[in-house]
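1. what follows is a predicted protein model with its sequence.
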Amino acid sequence: MQELFMGVDVGSVSTNIVVIDKDINVVSSQYIRTNGQPLETVKKGLKQLKSEFPDDTRIHGVGTTGSGRQLVGVMIGADVIKNEITAHATATIQFVPDVRTIFEIGGQDSKIIVVEDQMVVDFAMNTVCAAGTGSFLDHQAERLGIPIDQFGGKALSADRDVRIAGRCTVFAESDMIAKQQFGFSKAEIIKGLCEALVRNYINNLGRGKKLEPPYVFQGGVAANEGIKAAFEKEINHEVLIPEHFNIMGAVGAAILARDEIFVTGRKSKFRGLSAADLEFTPRTFECEDCPNHCEVIEVKVNDEVVARWGDRCGKWTNSVQQLDL
Amino acid sequence: MKVTFPYMGTTVVYKKLLEMLGHDVILPPKPTRKTIDIGVKYSPEFACFPLKVIMGSYFEAIQKGAEVIVTSGGNGPCRAGFYERVHQRILESEGHDIDFIVFDSMFRDPQTFYRNIERLRDGTPWHKVLKSLLLIYDMIGKLDHLEKEVQRIRAYEKNRGETTRIWEAIQKDFDQAYTSHTMKSAFKKGKEKLQSIPVKHVDKEDCIKIGIVGEIYVVMEDSINMKMEQLLNSLGAEVERSQYLSQWVTYNMLPKWINWTHEKAVLKKGEPYIPILIGGHAKQSVGQIVDYGQRDFDGVVHLMPFGCLPELVSQSIVPKISEDYNIPVLTISLDEQTGIANNQTRVEAFLDLVRGKRKQRLNKEEKMVGKKPESYCTSG
């Protein structure tokens, strides 16, 4: 029987679930909008997987990543819970072995990862604001009344250049309105927006870093041809977009889970695809024992507390039998 | 006098010193969300983060009855030198008439320094003052020694949180010790307690060491730096800080011509990058990164308060040092808006990077000299 590994990337905008075989071929992949409900989304994904694979399918290892990695990791019983940066880099190095610079733009954060000899040597994440991420584009597309999947293509049809202030979403919007009044077309405005976003991204994240080719561009925003074109214009070099660009985090998590299982030879902690049927209740309460008022997150499975975290002093975290993650 | 002081690091030290001089010490509560909220409310928005936190601490201490605040001054062109003036004015405008005793370097203004000592001495005979000072000096040396052990052992502890609990108990023991004899036995007991912590066995190749550098307040006070030491330890890295109280005291007490402390050497190492004094701890930060690079540390976490000018300067020099000494550096700026989740991701990714780099380096060495005999970094 095939040895399968699953990776789950729970992001702010999308939740991605992939299954790879032991030679790192992507066997199944899903890209689901999170809509602020990570647990429900993952359950939905698991149900979908269950219907795709025969009943006796066994997953040999599971990795989670993304902002909801810990919560979902506890829920499904992950073998590896990894940060997004490592997960993304792992996947890219697999598919583009000689990669030197990775541009990753997701829904609410963006990263630059610098790679040397297949190893991460430097990275940066956006610090100040969302200008330079997918949410910025989402918002502007909505304002212009153009569906996000057609947004990028439109930019390519622009004739003229227009410079949009891209420092922050609010100012970008007022600048866009002004430029529309000056008579620029929607296509030109979109092109200007793409360039503003890229400029912002490179200035903010690339500062002080040597960015060498080959460049790989991934994350949900890589679907946008306008941004790709703006990148190529800004750095004056071809930018590669890998086949699985929008699920790279999940692929990376799956690869990390595979390596973990191969190295340790352990049995997976995965609760099985039927985990979708378990009753999961996360809740958050404010601890009143000191003025810190930490928000403690508690996860119950069928009325039994399986994990707590979020407290600064460790009182709650330590009160539960530690899962060795 | 009912005295208080800014909360920073191992506070049992200052508390004890003031107690031995016969004062009624009001220990400010450890900074919490509430402290920060109070501080932010009363401080100018563009003031640096430590000023805001300390402001909050003062308000809390005053509520508990403090009448006099003892603090240290600043050195060089950094806003820290004005903290006391700003704090006093804000307190005044809120209707608190509080006395400040500010200790600057005794070599710059010996008269004021002496006057301050007189005020604090408050009639205590000199031989007693001297005895207390010596005892305290001995105590911070011992505490720092133990803390360095804690920062190493905690990386390998089997039961999460155990080392931190023991470390807190040790500080309590020291708090109860008033003679050099009891202090010695507290030290011995502390050492034994730390030795008895069950630890995981980790191969030498997998042991990593991270240095923490930056502005002294955000480096020393863990309640406002996301408990960086504990975070790094929990991810399996040994930690060393750029600042320890005993080193700081020794460095500041000795006149220049006999000052051979490590601090002085560190400053020297930073001079190729920042030749002049620009205030704060920029020179130390830079020198310390060089020092860690030379001592074969695997990485450095550089902490700075958001908007701290000296550290902004050092931040812009970091990439160069990082390249010169082949040591990865992660800069994190902290203030009341700091989002934990984002920084947690950064720190985790940084440690992956550090481990990867270490592995690569060891592989290269192995190819050159052949496999070294096995050795371990913990005795457990």
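-> Arrived safely, thanks for sending.

2. mind listing what residue A:61 touches?
-> Residue A:61 makes contact with A:5, A:6, A:79, A:80, A:254, A:257, A:258, A:260, A:261, A:268, A:270, according to C-beta atoms under 8 Å, 6 or more residues apart in numbering or on different chains. (C-beta placed from N, C-alpha, C; glycine too.)

3. mind checking which of those land in strands?
-> Among the contacts of residue A:61, the ones falling in strands (DSSP state E) are A:5, A:6, A:80.

4. helices of the stretch 151-300 of chain A, residue ranges please.
-> Secondary structure of the stretch 151-300 of chain A (DSSP state H, counting those that start in this stretch): helices at A:169-181, A:186-205, A:225-235, A:248-264.

5. for the first one, what is the average pLDDT?
-> Going back to what we said before, that points to helix A:169-181. Mean pLDDT, helix A:169-181: 83.

6. swap in the third one?
-> In this model, helix A:225-235 has an average pLDDT of 92.

7. so after the helix or strand hosting residue A:16, what's the next helix or strand?
-> Using DSSP states H and E, residue A:16 sits in strand A:14-21. Next helix or strand after strand A:14-21 toward the C-terminus (DSSP H and E): strand A:26-33.

8. which elements pack onto that next one?
-> Judged by 3 or more C-beta pairs under 8 Å, 6 or more residues apart in numbering or on different chains; DSSP states H and E, strand A:26-33 is in contact with strand A:14-21, helix A:38-52.

9. walk me through which strands the next helix-or-strand element following the longest one pairs with, and which way each runs.
-> Towards the C-terminus, the helix or strand next in line after helix A:38-52, according to DSSP H and E, is strand A:59-65. On the basis of DSSP bridges, the sheet neighbours of strand A:59-65 come out as strand A:4-10 (parallel), strand A:80-81 (parallel).

10. what residues does the stretch 101-250 of chain A have near chain B?
-> A:109, A:117, A:119, A:120, A:121, A:122, A:123, A:125, A:127, A:208, A:209 (C-beta under 8 Å from any C-beta of the partner chain).

11. mind checking which of those are in strands?
-> Checking these against DSSP E, those in strands are A:119, A:120, A:121, A:122, A:123, A:125.

12. what sits opposite the first one in the beta ladder?
-> Beta-bridge partners for residue A:119, by DSSP bridges, are residue A:116.

13. who's in contact with it?
-> With C-beta under 8 Å, 6+ apart, residue A:119 has these contacts: B:353, B:356, B:357, B:360.

14. do the same with the fifth one
-> The neighbours of residue A:123, taking C-beta under 8 Å, 6+ apart as the test, are A:85, A:89, A:111, A:112, A:113, A:114, B:349, B:350, B:353.

15. what lines up beside the helix-or-strand element of chain A with minimal mean pLDDT in the sheet?
-> Lowest on mean pLDDT, DSSP states H and E among the helices and strands of chain A sits strand A:304-309, with a mean of 80. Applying DSSP bridges, strand A:304-309 is found paired with strand A:295-301 (antiparallel).

16. model confidence score at residue B:82, please.
-> 84.

17. assumed it was part of a strand.
-> No. Applying DSSP: H, G, I helix; E, B strand; the rest coil, one finds residue B:82 to be helix, outside a strand.

18. what's the mean pLDDT across the helix or strand where residue B:118 lies?
-> Element membership for residue B:118 (DSSP H and E) is helix B:110-121. Summarised as a single mean, pLDDT over helix B:110-121 is 88.

19. related to what we said a few turns ago, what's the ChimeraX line that selects buried ones from the residues of the stretch 101-250 of chain A next to chain B?
-> Remark: buried members of those, expressed as a ChimeraX selection using 16 or more other C-beta atoms under 10 Å in any protein chain shown:
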select /A:109,120,121,122,123,125,209
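
20. widest-spaced pair of the residues of the stretch 101-250 of chain A next to chain B?
-> Greatest spacing in these, by C-beta to C-beta: A:117 and A:127 (27.6 Å).

21. contacting residues for residue A:290?
-> A:313, B:32.

22. hang on, the earlier thing: list just the nearest of the contacts of residue A:123 to residue A:285.
-> residue B:349 (29.8 Å).

23. doesn't the closest one belong to a helix?
-> Yes. When three-state DSSP is applied, residue B:349 is found to be in a helix.

24. out of the strands paired with strand A:59-65, deepest packed?
-> Burial among the strands paired with strand A:59-65, expressed as mean neighbours by mean count of other C-beta atoms under 10 Å in any protein chain shown, is greatest for strand A:4-10, which shows a mean of 30.

25. how about the strand holding residue A:16 as CSV, C-alpha atoms only?
-> What follows is strand A:14-21 as a C-alpha-only set of coordinates in CSV (Å, rounded to 0.1, in the frame of the first residue of the first chain):
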residue,chain,number,x,y,z
SER,A,14,-7.1,30.0,3.0
THR,A,15,-6.7,26.6,4.5
ASN,A,16,-4.8,24.2,2.4
ILE,A,17,-4.7,20.4,2.8
VAL,A,18,-2.4,18.3,0.7
VAL,A,19,-1.5,14.6,0.6
ILE,A,20,1.8,13.5,-0.8
ASP,A,21,3.3,10.1,-1.4
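
26. domain ranges for chain B?
-> According to automatic domain parsing, chain B comprises the domains B:2-124, B:128-201, B:207-380.

27. chain center to the last one: distance?
-> If I follow you right, that is domain B:207-380. Distance of domain B:207-380 from its chain centroid, counting by C-alpha atoms, centre = their mean, to the nearest Å, is 12 Å.

28. and stretch A:297-304, what's buried?
-> A:297, A:298, A:299, A:301.

29. returning to that earlier point: per-stretch mean pLDDT over the helices and strands packed on strand A:26-33, give me the minimum one.
-> Mean pLDDT per stretch puts helix A:38-52 lowest among the helices and strands packed on strand A:26-33, at a mean of 89.

30. so which bits of chain B are right by chain A?
-> B:29, B:32-35, B:160-161, B:164, B:223, B:227, B:316, B:319, B:328, B:333, B:341-342, B:344-346, B:348-350, B:352-353, B:356-357, B:360.

31. redo that, cut-off 6 Å
-> For chain B, the residues in contact with chain A (C-beta under 6 Å from any C-beta of the partner chain) are B:32-34, B:160-161, B:319, B:345, B:348-349, B:352-353, B:356, B:360.

32. filter those down to just the buried residues.
-> By neighbour count, with 16+ other C-beta under 10 Å, those hold B:32, B:33, B:34, B:161, B:319, B:345, B:348, B:349, B:352, B:353, B:356 as buried.

33. residues touching the second one, list them.
-> Pointing back at residue B:33 there. A:292, A:293 (C-beta atoms under 6 Å, 6 or more residues apart in numbering or on different chains).

34. residue A:195 now?
-> residue A:230.

35. now the stretch 201-325 of chain A against chain B: closest residue?
-> Residue of the stretch 201-325 of chain A nearest chain B, by C-beta to the nearest C-beta: residue A:291 (3.8 Å).

36. that residue and residue B:223, how far apart?
-> Counting by C-beta to C-beta, to the nearest Å, the gap from residue A:291 to residue B:223 is 11 Å.

37. confidence score at the residue of the stretch 201-325 of chain A closest to chain B?
-> Predicted confidence (pLDDT) for residue A:291: 73.
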